[in-house]
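In: Build me a structure from this.
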Amino acid sequence: MKKIIVAMSGASGLLLGKSLVACLASSVTLKAQPLELHLIISEGMRRVAAHEGGAGLETLEEIKSLAHAVHDPADLAAPMAGGSWRHDGMVVCPCSMSSLAAIANGCGTNLIHRAADVCLKERFPLILAVRETPLSRVHLANMLAASDAGAVIMPPVPAFYAGLSTLEEAARHFSVRIMDQLGLKGPEIRRWGA
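Out: Predicted structure coming up:
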């Protein structure tokens, strides 16, 4: 059984995290490849969720219900805080610039940062769905540092060729592209040239 960690930090983009967790937990994925989903939601994401849509906090509860385990971001003794706990990859979606900075510079203070640091040192897949615009030189330098350390930098850029008409469709398409990076079969999407 594959183990995947999804972390949601305090960047705008609750819909992105919700879509990714739903795609990972979907019956299509589970039939193709059994999956154990571990979730970490930062305090920053809880604050952002309260501002995104009328039911942001309820959405977080929905997201939690799809995970096999939900870990407290302050719990630095959680399984993914150690390199001997084996898993198949971690996604920070959305990834705030402060989380990116902590990960890129190895100076984290919570479980999201520590689990990402473990991914880098153990060479586990780490995908950072960074959310900010415009980008400062500091942001770009941190992205380069994280990439040099082994992370995949994957901003949520919509695939305009796919004929997407809603934010939900764009988030789902992006979620499946993340699953591609993890070697997981996701729901069918329209792909380039198809």
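In: which element follows the lowest-mean-pLDDT helix or strand in the chain toward the C-terminus?
Out: Taking mean pLDDT, DSSP states H and E as the measure, the chain has helix 27-32 as its least confident helix or strand, at a mean of 56. Next along the chain after helix 27-32, taking DSSP states H and E as the criterion, comes strand 35-41.
In: pLDDT below threshold where in this structure?
Out: Within the chain, the ranges that satisfy pLDDT under 70 run 27-32, 53-56.
In: And the strands in it?
Out: Here the chain has its strands, by DSSP state E, at 2-8, 35-41, 69-71, 90-95, 126-130, 152-153.
In: Provide the contact partners of the first one at residue level.
Out: What it means is strand 2-8. Around strand 2-8, the neighbours that count as contacts under CB atoms under 8 Å, 6 or more residues apart in numbering are 14, 17, 20-21, 24, 33-42, 45, 63, 67, 80, 86-94, 99, 111-112, 115-116, 182, 184. Backbone N, C-alpha and C define where each C-beta goes, glycine included.
In: So what are the sheet partners of that strand and their directions?
Out: Strand 2-8 sits in its sheet next to strand 35-41 (parallel), strand 90-95 (parallel), going by DSSP bridges.
In: among those, which is the most enclosed?
Out: Looking across the strands paired with strand 2-8 with neighbours counted as mean count of other CB atoms under 10 Å, the highest average goes to strand 90-95: a mean of 29.
In: what's the longest helix in the protein?
Out: The helix spanning the most residues in the chain, taking DSSP state H as the definition, is helix 167-181.
In: just checking, what packs against that helix?
Out: Secondary-structure packing of helix 167-181 (3 or more CB pairs under 8 Å, 6 or more residues apart in numbering; DSSP states H and E): helix 14-25, strand 126-130.
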